[in-house]
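*Asks:* Here you go, sequence then predicted model.
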Amino acid sequence: MRAERARTLARIGGRAAGLLVAAALAVAVLGAAALVPWPEHRVTPPSLVVQPAESRQQRVCPGPLLTLADDAAAATTASSIGGADATLGAEPDDAEIAETPLDAPGNPQADRDGTPVVIEVEPGTVDAGMIAGAQSQSADTETIAGFAATACTEATAESWLVAGATTLGRTSLVMLANPTDVAATVDVRVTGETGAVEAGSALGIIVPGGSQRVVSLAGLAPNLASPIVHVTSTGGTIAAALEQSAVDGLAPAGVELTGPAAMPASTQIIPGFVVAESGGIDPADDHAEGDAFPAVRLLATGDEPVDVTIGLVPEAGSTSGSTIEATLQPGRATDVPLGVLDAGAYTVRIEADGPVLAAARASVTAPGDAQQPGSADAAAAGDFAWTVSTSPLLEDAVVAVPDGPSPVLHLANEGEDEAEVQVTIDGETRAVAIDAGSAASVEVDAGSMVTLAGVSGVHASVSFGDEGELASFGVQPPGPLDAPIRVFPR
Amino acid sequence: MFPRVTAVLVAHHGGDHLRHSLEAIRAQSRVPDALVVVLTEADAEAREIAAASSPTHIVELSQRLSFGEAVRAADRVLDAPTSDGDALWLLAEDTAPAPEALELLVATLETAKSVAIAGPKLREWDDPDRIATFGRTITRFGRSVSLVSGELDQGQHDGLSDVLGLDPAAILVRHSVWRALDGFDPALPTVDDALDFSIRARLAGHRVSVVPGAHVRFAGDGVVGQPADPRARAARRRTRAARAAALHRRLVYAPAVAVPVHWLSFLPLAILRSVRLLLVKSPGAIIGEFAAALGTMFSGMRVARARRQLKTARTTGWSAIAPLRMPPDEVRRRRQHAAEERRERARGRKHELQFIGTGGGWVLLVSIVASVALFSWLLGAGGLSGGGILPLSSGLGELWHNAAYGWRDIGAGFVGAADPFAGVLAVLGSIAFWAPSFALVLLWLLAVPVATLGAWFAASRLTERGSVRAVAALVWGLAPPLLVALGDGRPGAVLAHMLLGWLAFAVFGAATSWAAAATASLLFAAVIAAAPSLAPALLVAWLVGLAVSGRAAVRLAGLPLPAFVLFAPLLFEQFGRGTPIALLADPGLPLQSVVPSAWQLALGFPGAAWGGWPEFLGDGSVIDAKLVVTLLVVPLILAALAAVLAPGIRGAALSLGLALLGFATAVAAGHVAVAVAGPEAVQLWTGPGLSLAWLGFVLAAVIALNAVRRGGAVLAWVVAATTIAAVVPTGLAIATASTAIAPAAERTLPAFVGAEAEADPRVTTLRIQPEVDGSIRSTLEHGTGTTLDEQSTLEQTLDEMSESEEQLAEVAGNLASRSGFDPDAAIREFGVSFVLLAAPAGDDREAAATEARARTALDGNAALIAVGETDFGTLWRFSAAEPDAPAAQIPPNAGGALTGLITAVQIIVLAATILLSIPTGAGREADRRPQRRRPPRRRPWPAAKARKDSAEEAAGADASPEPVLADQEAGDSPAAGEYADAVESDDAAEPADAAEPADAAEPAAADEPAGPDEPSTDEQEPPAASDRAEPTETKGDDDAS
């Protein structure tokens, strides 16, 4: 009996111990699973960075300035008012550049003044982006006067033109050039200060391959002070440009031909924004009339309101510049006055908490302040310029500087490190050191080619300025279409 | 003249048998005139004993010759017979004749001059009341059968005299006849030697007679006839020898013209007989069957020699011996008798499940209701989509092609091994042959009921209690890993979970039947095919099971064989690549998953955080979701841990070990990523490991709950309620169709492509998918889109790019760029007709930018014509696209001869396993459950039976006049016997081998601390007896003609 009880006790004890062991084991296993850094086996997905086979590199120069009013019988016909001077080049400079004029069926004066020109090099002759062209033109007619310069651009499927106005006395023409062999179906969408403009006629514009079409912005969106034009195409790609001309009273007050701005991003840099004359309007001023003051045109492309900080850093001097805070309503273009500024070149940095577009406008008045309509002195007309936001350059770039008054190359280093830029002008190389976050300007020769090296992360633009003349264009890196792409094959 | 009788005694080893035999010869009333002892490779003791008996001659042979050869050797030292009366008495070390045996035998030869051979009645050595064998004959088709064997000798056969043949032991042969017929046929070393000799004697005009009065005790040591070794290997050797002898005799006896026909028929017959051997659950005899057939077919001149010998001596026709053959009626009677015997043996062996009686029906009903509630939105759907689900190929031919080694039609395609999972899919697709993709709907609808039933059956092996069975079934059928796998759309994991319960059930049954063992091996293959990540854990469980299952290990040894054969090509290729770990890749479409914390894994939730409880409780909830899940699952884990308190630690240890293995698998799976889908390395899913862990928990909980004497049902239902409550959010998410899965859309590629595919089934679409990091993923799809069965882990786990993949990347990268590349290369290299630019997943800016870039490039590509926007993305068509593009075709005969070879091997192994799994073996197969608590009563009986069986073996017939009870409790009352059975079947188990769950069900028995560690003394012998019955059965057919 006793032995049996002892056995029972032993069994109960044994089982209790078993339970304890099991529980302890469970805890230990859990601990081991959670705490021990077990080795990992993780494969690296194989991929291949495909360098697209070299294709023809192509830039489209928008061609001569156009005017609508020349032929009263056909007010919708834009005809040219003279030829543009183009400067072309590539690096290495012995690369053969083919120039192919596009059809400009809408321009009755095309035979006289020329048409948009496609410049291209054969595959393999130059590296991506190492071809450049630019054009400039001085106008002096009854309706258009001033100096305009622009770079020849790549044709893309999507571009944003941040410039123009269709208020009284302002004329804006959207020039759509299709350099490809495929007809392009182009949608032009205009966003103004009141929001997106419904314009059915601007959707589905067919631009045949190898030709240019011109659309008057006023016809799509009349009376807009701050239009922003979004050009998208399917089929062929489009090189878009916007020509804006101003007439104050009866006197022409400038012309500008503006290429596409950088794509929407939360940071936008406008390098080399030239304020020709001191002055301006305070950003808080709600009654900024007209367009004769430095301003930056912004559009939040997202669906949420965006807070932006606009920083203005003078290129020269040690002043840290000023900042302006603003809130953008989504889908509404806004012109923000940049306050009272001293004359000089500035780097405009826009930081936002959502994707925005940006371009800056400055103007110059006619010397003597008493210009006459139809005055023979072109320089007396006054002028304005749009300086667009740019994308950072790649390691090397080539810039064409067309004819024009006192061209200046502006370089803004937005990278993290100091940039050692080699600027080669007509075979002469200069070293320019630019601290991170600051900018430099280099005077260049009109009608020359400038080769830049070590400009990775640098934004660049070229400005022209003289009394009563002002123009600017951004130097954009080659589009991503030629960039290497990583491909995962399964 | 006085006839001279020479006794020839062949001895191999010394010992009591030899000593007794020699003594018995000396004690003969008619002492042989000479004694020749033939020592065949004998030991010293035998030599000593032989010398002590002072024989006339001692012939020493250094080889182990057959009995016939040994006698021949003895004959060589003898003088030529001087008269017809001179005779040889063929004895062996284990034949102890009764004193008057020789006298009676000699008298028979003297009285009837026509009798050339006289044979005694051989009786069991240890049980002299039992006839070992007495006379032998052949059926109409030439099968050798013993006239009498294994019967209690009550003089019932004493009227027998003329027989067709004899067994060789202790026969008296006229010396002249022996010489005239040149002794035994050397081609018949152990079996049918004397029978063949008798037949030749008969054909030479002599008679063969049995002498019922002459008794010889016979032990079956293997010197004469077959050894009566109880071990399985010896049994197999006997079967093989018997078959070889039968085939040899067939070639010898057949008319010359029929010999080639017979010769050609051997292999087909071997195949047919192998099928039968599988059906009668004697897989071990198959090798012997083929060895016998081939050995006889290529035996050189032995057949010719034997035929010549037969021809020389033959004086009468075959018709003369026809009356002595066994009549068909008798053959039929014996067969019926054998069947009766099998039924007898099967009785009490079968496990009474009492499906309806213990509430199985209700459990099934509940599981069906649960399934309908979960998937009500799926009813009426024609297919399933989402997660890792794709349609199946629409043709059965394609389905099975994709399951075989050969062309892997994924991407650009390559030749390689198929995933075994494709085979599982092919089976599923064939079930729904009218629309294979519907099989996935069926799978989803049936997953919960099938899993539930499996767990119910597995639990029924461990407990008699309906409540515990039901709880186990429901906890398993609604387990988190299953529901999460269903919600995520992971067909592999769903299948693995569905089948794991059934695998456990089949493994539990393997000890009693080959059918269950074969079923288990098929399920094992299916589970591993569906979830290869379980393979290491299941192999460990298998090894442990082998170690603890004792004699049942034989049946479990082949468990991984079908899985191995299915995986072999894949194994070979992955090892060849040096990436064996890639074998673990989840088959099917790679599907990324998050790795939960170890704590969440321990609770069985593989997928979304805490089984969806955080969303279920809402944001502002005061209760922590972790706490809720923990509290709900902990009762099950506690119950499982409590299994160590139940009597018999083994079951608990094994179940909890299984849980541990599963958990370890799940944790390890979280650290391994072998498959690649675009820019992502897809890690193994933790679910299958958790399914295994859950199985361990459920089995352990069953053991624990079964041991609770009072209130067990209440506890069980508490465990069930809390555990099922834990999956409520997961279940609700599925029921409201807010998971990844949905009824299938009509197509996976744009309708335009689908229309094209109708005319050109190989129409190829290059699909470009922008990815988040600004890269693109380019894949090729053929026809109406890639299917689930086309997926290949071989392709997914390749750690570098194949040549064609690089080419494809080159093509796709250039198409997505402005490029001077010749776009028609896509047509040339891959036969691409369409390019589909898929919308980027999510709203990533870089992906959107990449999409814009690719769109621009494709739009501007003059070689492409835009088709337009579709639901699947933007579609372009190559203007130069050609129908039935040569590059898109599957190369004919892609796998070459290897396809046929590998497929043939796989089919043979699988077909054999399937045949073996058909439950026809009741009563035929040995019960290999551990024997326990069996007092060694009737000790002599099993031993006697063992010898009887061996004699039966040698005789090649299986009839025994009285029903032979297997080793089942002959003495107990039927009820007690059945109860003991139940106990045993519970014990017979790997992996969750519950040692004594039934003890608790019967409290009176629970105090008996008998365990597996105390094997009873008779553990080895009695089952061995029934084992040896197996090969006997296998010979019971007549295939000769």
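*Replies:* Great, that's in hand.
*Asks:* Can you name the helix or strand that the residue of the stretch 401-550 of chain B at minimum distance from chain A falls in?
*Replies:* Nearest residue of the stretch 401-550 of chain B to chain A: B:Gly411, at 5.9 Å (CB to the nearest CB). Backbone N, C-alpha and C define where each C-beta goes, glycine included. For B:Gly411, there is no enclosing helix or strand under DSSP states H and E.
*Asks:* count of residues packed around it?
*Replies:* Close neighbours of B:Gly411, defined as other CB atoms under 10 Å in any protein chain shown, add up to 22.
*Asks:* Then B:Ala180?
*Replies:* By other CB under 10 Å, the residues close to B:Ala180 number 17.
*Asks:* Is it in contact with B:Thr315, as I believe?
*Replies:* No: judged on CB atoms under 8 Å, B:Ala180 makes no contact with B:Thr315 at a distance of 10.9 Å.
*Asks:* And the residue of the stretch 401-550 of chain B closest to chain A, what's its pLDDT?
*Replies:* On the pLDDT scale, B:Gly411 is placed at 85.
*Asks:* Name the nearest residue to it, sequence neighbours excluded.
*Replies:* Closest residue to B:Gly411 apart from its sequence neighbours, by CB to CB, 6 or more residues apart in numbering or on different chains: B:Leu780 at 5.3 Å.
*Asks:* can you pull the contacts of the one you found?
*Replies:* With contact set as CB atoms under 8 Å, 6 or more residues apart in numbering or on different chains, B:Leu780 has these partners: B:411-412, B:764-767, B:808, B:830, B:832.
*Asks:* Repeat that for B:Ser66.
*Replies:* Applying CB under 8 Å, 6+ apart to B:Ser66 gives the contacts B:184, B:186, B:189-190, B:193.
*Asks:* Chain A: which of the residues you listed is nearest?
*Replies:* Chain A lies nearest to B:Thr190 out of the contacts of B:Ser66, by CB to the nearest CB, at 53.8 Å.
*Asks:* and that closest one, that one's in a helix?
*Replies:* No: according to DSSP: H, G, I helix; E, B strand; the rest coil, B:Thr190 belongs to no helix; its state is coil.
*Asks:* Give me the pLDDT value at it.
*Replies:* B:Thr190 is assigned 86 on the pLDDT scale.
*Asks:* quick one: which of the contacts of B:Leu780 sit in strands?
*Replies:* Counting by DSSP state E, the contacts of B:Leu780 place B:764-767, B:832 in strands.
*Asks:* Any stretches of the stretch 351-500 of chain B with poor pLDDT?
*Replies:* Per-residue confidence for the stretch 351-500 of chain B (pLDDT under 70) gives these ranges: B:351-352.
*Asks:* all helices of it, in order?
*Replies:* With helices called from DSSP state H, counting those that start in this stretch, the stretch 351-500 of chain B shows them at B:360-374, B:396-403, B:420-431, B:438-460, B:466-477, B:480-488, B:491-509.
*Asks:* Please report how far A:Ala333 lies from B:His401.
*Replies:* Distance of A:Ala333 to B:His401, given as CB to CB, to the nearest Å: 61 Å.
*Asks:* whoops, A:Ile310 was the one
*Replies:* Distance, A:Ile310 to B:His401, by CB to CB: 66 Å.
*Asks:* Same question for B:Val548.
*Replies:* Here B:Val548 is placed at a distance of 42 Å from B:His401 (CB to CB).
*Asks:* What is the longest strand of chain A by residue count?
*Replies:* Longest strand in chain A, counting by DSSP E: strand A:344-364.
*Asks:* And chain B, by the same measure?
*Replies:* Secondary structure of chain B per DSSP E: the longest strand is strand B:207-218.
*Asks:* CA atoms only: put that strand into CSV for me.
*Replies:* The C-alpha trace of strand B:207-218 is given here as CSV (Å, rounded to 0.1, in the frame of the first residue of the first chain):
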residue,chain,number,x,y,z
ARG,B,207,6.0,-44.8,-59.6
VAL,B,208,6.4,-42.4,-56.7
SER,B,209,4.8,-43.3,-53.4
VAL,B,210,4.3,-41.9,-49.9
VAL,B,211,4.5,-44.2,-47.0
PRO,B,212,2.2,-42.8,-44.3
GLY,B,213,3.6,-45.1,-41.6
ALA,B,214,7.1,-43.8,-42.0
HIS,B,215,7.5,-40.8,-39.9
VAL,B,216,10.4,-38.4,-40.0
ARG,B,217,10.8,-35.3,-37.9
PHE,B,218,11.9,-32.4,-40.0
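*Asks:* before we move on, the earlier item: now the common contact residues for B:Ala180 and B:Thr315.
*Replies:* Overlap of the contact sets of B:Ala180 and B:Thr315 (by CB under 8 Å, 6+ apart) consists of B:Ala204.
*Asks:* and residue 407, what is it in contact with?
*Replies:* As the question left the chain open, I've gone with chain A. Contacts for A:Pro407 (CB under 8 Å, 6+ apart) come out as A:401, A:443-446, A:462-464.
*Asks:* The chain in question should be chain B.
*Replies:* The contact partners of B:Trp407, by CB under 8 Å, 6+ apart, come to B:401, B:413-415, B:890-891, B:894-895.
*Asks:* Next, give me the two most distant ones among those.
*Replies:* For those, the farthest-apart pair by CB to CB is B:His401 and B:Phe414; their separation is 14.5 Å.
*Asks:* for the helices of the stretch 351-500 of chain B, which one sits closest to B:Leu384?
*Replies:* Nearest to B:Leu384 among the helices of the stretch 351-500 of chain B is helix B:438-460 (4.5 Å), distances taken as CB to CB.
*Asks:* can the helices of the stretch 351-500 of chain B go into a markdown table with extra columns for mean neighbour count?
*Replies:* Formatted as a markdown table, the helices of the stretch 351-500 of chain B follow (neighbours: other CB atoms under 10 Å in any protein chain shown):
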| stretch | mean neighbour count |
| --- | --- |
| helix B:360-374 | 18 |
| helix B:396-403 | 20 |
| helix B:420-431 | 23 |
| helix B:438-460 | 24 |
| helix B:466-477 | 28 |
| helix B:480-488 | 27 |
| helix B:491-509 | 28 |
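*Asks:* okay, the ones you listed in a markdown table with distance to chain A next?
*Replies:* Output for those, formatted as a markdown table (distance: least, CB to the nearest CB, whole Å):
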| stretch | distance to chain A |
| --- | --- |
| helix B:360-374 | 29 |
| helix B:396-403 | 17 |
| helix B:420-431 | 17 |
| helix B:438-460 | 21 |
| helix B:466-477 | 18 |
| helix B:480-488 | 16 |
| helix B:491-509 | 19 |
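*Asks:* Now for the residue in the stretch 1-150 of chain A positioned nearest to chain B, how many residues are close by?
*Replies:* Across the stretch 1-150 of chain A, the shortest distance to chain B (CB to the nearest CB) belongs to A:Val50, at 2.5 Å. Using other CB under 10 Å, the number of residues around A:Val50 comes to 25.
*Asks:* again with A:Thr8
*Replies:* A:Thr8 has 11 neighbours, counted by other CB under 10 Å.
*Asks:* So it lies in a helix, does it not?
*Replies:* Yes: assessed by three-state DSSP, A:Thr8 belongs to a helix.
*Asks:* residues in contact with the residue most central in space within chain B?
*Replies:* The centre of chain B sits closest to B:Ala518, judged by CA atoms, centre = their mean, with a distance of 3.3 Å. Each residue near B:Ala518 by CB under 8 Å, 6+ apart is listed here: B:913-914, B:916-917.
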